[in-house]
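A.B. asks: give me a model of this one.
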Amino acid sequence: MDRRLIGLVFGGTGALLGWLSGRGLARAFVTVAMRVLIGIGAADLIIGGLAFFQDQPYAVWYPLALTGVISQAVLPVVLRQVTRQYANRELQRIKAADTLRS
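C.D. replies: Numbers count the residues shown, from 1 in each chain. Below is the predicted model of the structure:
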């Protein structure tokens, strides 16, 4: 598969997840997709490390290791923020429904 296509798929997925979470939509899809991306990043990091220690060329191990490191550094933090954001939106909905009943 072409590297540009892979980048397009992951970039488009990230944009979609950001758009959906910013609007408070598709909570289950967003959280599961982010967990899957974290898992893929962990696999990339492991495979990139193995390739490095097997003296593979730079062009083989570096992209894997880079995407793995970035995904492991960024995505868990973003997932925590998104989960908190969804919880806050749900709490706002509950409070609004309670004030309407009163």
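
A.B. asks: run the chain-centre distance for whatever helix or strand Ala87 lives in.
C.D. replies: According to DSSP states H and E, Ala87 maps onto helix 58-101. Relative to its parent chain, helix 58-101 has a centroid offset of 7 Å by CA atoms, centre = their mean, to the nearest Å.

A.B. asks: same for the lowest-mean-pLDDT helix or strand in the chain, what does it pack against?
C.D. replies: For the chain, using mean pLDDT, DSSP states H and E, the weakest element among its helices and strands is helix 3-22, scoring a mean of 88. Applying 3 or more CB pairs under 8 Å, 6 or more residues apart in numbering; DSSP states H and E, one finds that helix 3-22 contacts helix 27-53, helix 58-101. No exception for glycine: its C-beta is placed from N, CA and C like everyone else's.

A.B. asks: among these, which is the most enclosed?
C.D. replies: With neighbours defined as mean count of other CB atoms under 10 Å, the helices and strands packed on helix 3-22 peak in mean count at helix 27-53, which reaches a mean of 16.

A.B. asks: please name the residues that touch the nearest residue to Leu64 once chain neighbours are set aside.
C.D. replies: Counting by CB to CB, 6 or more residues apart in numbering, the nearest residue to Leu64 once its immediate chain neighbours are dropped is Gly48, at 3.2 Å. Residues counted as contacts of Gly48 (CB atoms under 8 Å, 6 or more residues apart in numbering) are 61-68.

A.B. asks: any idea how far the residue most central in space within the chain lies from Tyr62?
C.D. replies: By CA atoms, centre = their mean, the chain has its centre lying nearest to Met34, at 3.5 Å. The gap separating Met34 from Tyr62 is 24 Å, by CB to CB, to the nearest Å.

A.B. asks: ramachandran angles for Pro57?
C.D. replies: phi -60, psi 160 (degrees, to the nearest 10).

A.B. asks: so how many other residues sit close to it?
C.D. replies: 8 (other CB atoms under 10 Å).
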